[in-house]
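1. Pasting the sequence and the predicted coordinates here, then a few questions.
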Amino acid sequence: MKLRLIAALLIGCSFATGTPPAQPKIEAPPSKGGNPQTGGVRAEAAPTPGVEAAIPGPVKALGGPAMMNFPDGIHMAVTAATEKAQSHVNQGMNQLHGGWEFEASRHFAAAMREDPECLLAHWGMLMSLLTPSPETDPARIAVTGRLLDLVDQGKGTELERGYCYGLIKYIDEGPAAAASAFRKVAASFPNDMQATIFAALFSRGGYDEFGTATPDQEAAEKSLLALVEKYPESPVPLNALLSIRAEGPDLSPWLDLTAKLCRMCPDYAPYFHLMGHYEWRSGRHAKAATSFGRASSHLEKWMKENKASVADCPEWVKAECYRIVALVSKGDFETAYAASRQVAATPIPKDRASSPGARLLMWDAKTLPARILLHRGLPGNAAEALVSLPKPEETREFRKTSLSCLWIDGLRLAFETQRLINEKNFTGARDVTTAMGQIGEALSKTQAAAIATGERSAWNRAFRALEVLASDLRGQLALAGPKDRTGAAYNWFASAADRQHTAIMMFPPMILTPMAIRLGEYHLANGKPTEAIESYQRALTAFPNDMNALVGLKTAYEKAKLPKEAAITEEKIQLLRAQ
């Protein structure tokens with residue numbers, strides 16, 4: 001495959017030479033067996049797979065996709081045999097930009113069936129299948145082969161082959177090379193919005209541990225801001241900008257733009273999920289719950305209309321879990337816990353255990369009731385959390401298809417440790433933390449498998465969460481130990497707070513408690529209310545308007561004899577509870 005990728009780069013697109021084309025034409029492929037650069041021997045190509053082989057089974061199992069209205073979205077001229085194929089390609093690209101890869105793949109499949117030689121339909125299908133999955137890997141391999149054959153044959157316009165060039169560079173060399181490739185395409189086609197967007201998406205560098213944008217992130221945001229100004233009524237560059245900013249430190253200045261995005265496409269679930277994320281990160285938990293609820297409702301409607309199951313809709317699991325987390329942050333534990341039990345009871349289709357939806361149910365939904373109980377922290381909650389986790393016999397069938405079982409094993413040991421600490425069985429608790437460390441080591445050895453099977457994001461979130469829990473539990477044990485050693489508790493709690501980072505890709509946090517709260521509790525227990533105030537304020541920076549953090553802050557103000565600040569905080573608590 002690598003030889004074919006390199007060959008495609010050299011013969012398929014003049015962008016590979018670094019010299020923009022004077023006109024939209026492509027070099028003719030070399031004769032069969034000839035090396036495209038030196039005239040030497042070229043690796044013999046495998047037989048081209050058929051169109052159906054390049055379409056994932058779950059896509060084939062559903063009917064044809066419906067068209068959605070994307071005002072001022074992607075409407076480009078596509079090299080295709082029919083208008084229908086062109087419409088499906090454009091629809092697929094709009095869905096792809098929205099982050100709904102499964103729905104995008106359905107439209108690209110429809111276009112491929114309508115025109116088996118449509119280059120952009122194959123490009124779009126491969127873009128939709130970049131994340132590995134046991135259910136889609138065969139189709140991903142097949143569509144890659146078909147795409148390279150179409151490039152070899154000179155199909156598509158120079159712009160379309162430029163898209164393929166960028167995608168091939170990503171597969172062969174990674175995001176930096178893809179960003180450079182798309183920048184070349186954008187330079188040659190300055191009126192093409194997508195090339196600039198893809199260059200920004202592939203080049204973004206994110207934020208450092210202090211919340212500062214990296215130089216690459218700043219450049220990507222600047223590029224997308226310019227596009228938003230150039231195309232003010234298009235949801236595509238606006239969504240791209242808001243998506244790459246979603247992990248930034250302060251999202252509140254951008255709330256109006258998320259509302260604008262949802263007004264552009266009022267029935268589009270991914271945009272409401274994005275708005276909910278911005279609202280939650282800004283401490284507007286009631287509004288966040290409403291936005292996630294709208295996303296969830298749209299996705300439920302989509303599943304019903306398309307006769308699809310949760311196996312094909314991880315977006316629903318994600319939206320529901322985030323909605324429930326927003327209710328927890330608001331302090332509405334009873335409603336949140338009842339809803340979490342309901343989503344945790346969602347059955348996993350027996351024949352779809354390796355599907356994206358089934359996996360997300362295991363990683364997030366099935367563990368959510370237990371994580372809510374741990375966050376609440378009332379007497380007996382740790383024991384209840386243990387009972388609420390999936391039983392070992394219930395997870396046995398998923399151990400071959402998902403690494404989530406190790407996450408559940410780790411949580412089980414964490415909750416058992418917490419239960420023993422609550423019962424003041426500190427010797428037993430220390431023994432269990434040792435076993436918990438072994439689970440962490442076992443999970444760390446599966447990172448390569450997580451990448452290969454498409455569970456990298458969930459693996460990262462779970463692994464970091466177990467690290468945070470381990471530090472927190474060790475801090476509690478240190479606090480319960482001999483008086484001359486309780487100072488170590490501060491270091492463990494500080495470690496837990498330092499290890500806790502913003503969840504990526506607009507997922508809800510795995511650990512629902514801002515760990516800086518533990519530092520506040522530690523300082524209060526040691527008669528240091530001023531230091532406690534700083535710790536609770538740190539917690540509120542990470543989890544704005546978190547109810548538990550606000551209650552702790554009010555207590556710290558009272559202990560510090562700051563009645564005015566305590567009254568203001570109490571007023572805020574009551575206002576948030578009333579929402």
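-> Structure's in. What do you need?
2. Least confident secondary structure element in this structure?
-> helix 2-12 (a mean of 45; mean pLDDT, DSSP states H and E).
3. Name the spans of the chain whose pLDDT lies under the cut-off.
-> Across the chain, the ranges flagged by pLDDT under 70 are 1-46.
4. Mind naming the longest helix for it?
-> helix 456-480 (DSSP state H).
5. just checking, next helix/strand downstream of it?
-> Once the chain leaves helix 456-480, the next helix or strand it forms, by DSSP states H and E, is helix 487-499.
6. Tell me the buried residues in that following helix?
-> 489-490, 492-497, 499 (16 or more other C-beta atoms under 10 Å). (Glycine included, C-beta is placed from N, CA and C.)
7. swap in stretch 348-363?
-> Under 16+ other C-beta under 10 Å, the buried positions of stretch 348-363 are 348, 352-363.
8. What is the end-to-end distance of that stretch?
-> 12 Å (C-alpha to C-alpha, to the nearest Å).
9. Can you list the neighbours in contact with that stretch?
-> 58, 102, 133-135, 309-314, 316-318, 346, 390, 395, 397-398, 401-402, 404-405, 407-408, 454-455, 458, 461-462 (C-beta atoms under 8 Å, 6 or more residues apart in numbering).
10. coming back round to it: pick the one among the buried residues of helix 487-499 closest to residue 576.
-> Nearest to residue 576 among the buried residues of helix 487-499 is residue 497, at 22.8 Å by C-beta to C-beta.
11. Quick check, that closest one in contact with residue 520.
-> No: the criterion here is C-beta atoms under 8 Å, and residue 497 misses it with residue 520 at 10.0 Å.
12. Beyond the helix or strand containing residue 229, next helix or strand please.
-> Element membership of residue 229 [criterion: DSSP H and E] is helix 215-230. Once the chain leaves helix 215-230, the next helix or strand it forms, by DSSP H and E, is helix 235-244.
13. And that following helix, what's buried?
-> Applying 16+ other C-beta under 10 Å to helix 235-244 flags 235-244 as buried.
14. sorry, back to before: name the residues of the helix holding residue 229 that come out as buried.
-> In helix 215-230, counting by 16+ other C-beta under 10 Å, buried: 216-217, 219-221, 223-224, 227-228.
15. ditto for stretch 535-553
-> Buried-residue list, stretch 535-553, by 16+ other C-beta under 10 Å: 535-536, 538-540, 542-553.
16. And for stretch 120-136?
-> Applying 16+ other C-beta under 10 Å to stretch 120-136 flags 120-129, 133, 135-136 as buried.
17. From start to finish, how long is that stretch in a straight line?
-> Counting by C-alpha to C-alpha: the opening and closing residues of stretch 120-136 are 19 Å apart.
18. picking that back up, check the buried residues of stretch 120-136 and tell me the two furthest apart.
-> Maximum distance among the buried residues of stretch 120-136 (C-beta to C-beta): 23.8 Å, for 120 and 135.
19. Grab the most central residue of the chain for me.
-> Per C-alpha atoms, centre = their mean, the C-alpha nearest to the average position across the chain is that of residue 505, at 2.9 Å.
20. Skip the chain neighbours and tell me the closest residue to it.
-> residue 457 (5.7 Å; C-beta to C-beta, 6 or more residues apart in numbering).
21. cool, residue 560 as well?
-> residue 529 (3.8 Å).
22. my read: that neighbour touches residue 523, true?
-> Yes: using C-beta under 8 Å as the test, residue 529 is close enough to residue 523 to be in contact (7.1 Å).
23. Now which of the contacts of stretch 348-363 would you call buried?
-> 58, 102, 133, 135, 309-314, 316-318, 346, 390, 395, 398, 401-402, 404-405, 407-408, 454-455, 458, 461-462.
24. now the helices: where do they sit in the stretch 1-150 of the chain?
-> Here the stretch 1-150 of the chain has its helices, by DSSP state H, counting those that start in this stretch, at 2-12, 57-60, 83-98, 101-114, 119-128, 137-152.
25. Taking the buried residues of helix 215-230 together, which two end up most distant?
-> Longest span within the buried residues of helix 215-230, C-beta to C-beta: 216 and 228, 18.7 Å.
26. so residue 236 sits right up against residue 74, yeah?
-> Yes: the pair residue 236 / residue 74 is scored as a contact, 6.1 Å apart, by C-beta under 8 Å.
27. so what's in contact with those two at the same time?
-> 94, 97, 193-194.
28. Looking at the residues you listed, spot the one nearest residue 428.
-> The closest of those, once distances to residue 428 are taken by C-beta to C-beta, is residue 97, at 52.6 Å.
29. Relative to residue 377, how far out is residue 413?
-> 18 Å (C-beta to C-beta, to the nearest Å).
30. that older thread, residue 265: which of the helices of the stretch 1-150 of the chain is closest?
-> Of those, the one closest to residue 265 (C-beta to C-beta) turns out to be helix 83-98, at 8.2 Å.
31. tell me the angle that closest one makes with helix 101-114.
-> 160 degrees (axes from the mean of the first three to the mean of the last three C-alpha atoms, to 10 degrees).
32. mind listing what's buried in helix 83-98?
-> 85-98.
33. so can I have TSV of these showing distance to residue 579?
-> Compiled in TSV, the buried residues of helix 83-98 are given as follows (distance: C-beta to C-beta, whole Å):
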residue	distance to residue 579
85	48
86	47
87	43
88	43
89	44
90	40
91	38
92	39
93	38
94	34
95	33
96	36
97	33
98	29
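34. Pull the residues that contact stretch 405-418.
-> Contacts for stretch 405-418 (C-beta under 8 Å, 6+ apart): 362-363, 366-367, 370-371, 374, 382, 385-386, 389-390, 395, 398-399, 429, 432-433, 435-436, 439-440, 442-443, 446, 458, 462, 466, 469-470, 473, 476.
35. ok, of these, which come out buried?
-> 362-363, 366-367, 370-371, 374, 382, 385-386, 389-390, 395, 398, 429, 432-433, 436, 439-440, 443, 446, 458, 462, 466, 469-470, 473, 476.
36. Sort out for me which of those residues are in helices.
-> 370-371, 374, 382, 385-386, 395, 429, 432-433, 436, 439-440, 443, 458, 462, 466, 469-470, 473, 476.
37. how about the helices of the stretch 1-150 of the chain, which one is nearest residue 181?
-> helix 2-12 (9.1 Å).
38. Would you mind writing the CA trace of stretch 509-520 as CSV?
-> Taking Å, rounded to 0.1, in the frame of the first residue of the first chain, the C-alpha atoms of stretch 509-520 are listed here in CSV:
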residue,chain,number,x,y,z
PRO,A,509,-15.5,14.7,31.5
MET,A,510,-14.9,11.1,32.9
ILE,A,511,-14.3,12.5,36.4
LEU,A,512,-17.2,14.8,37.3
THR,A,513,-15.6,16.4,40.3
PRO,A,514,-13.1,19.2,39.8
MET,A,515,-10.2,17.8,41.8
ALA,A,516,-9.1,21.2,43.1
ILE,A,517,-12.0,20.8,45.5
ARG,A,518,-10.0,18.2,47.4
LEU,A,519,-7.3,20.9,47.9
GLY,A,520,-10.0,23.2,49.3
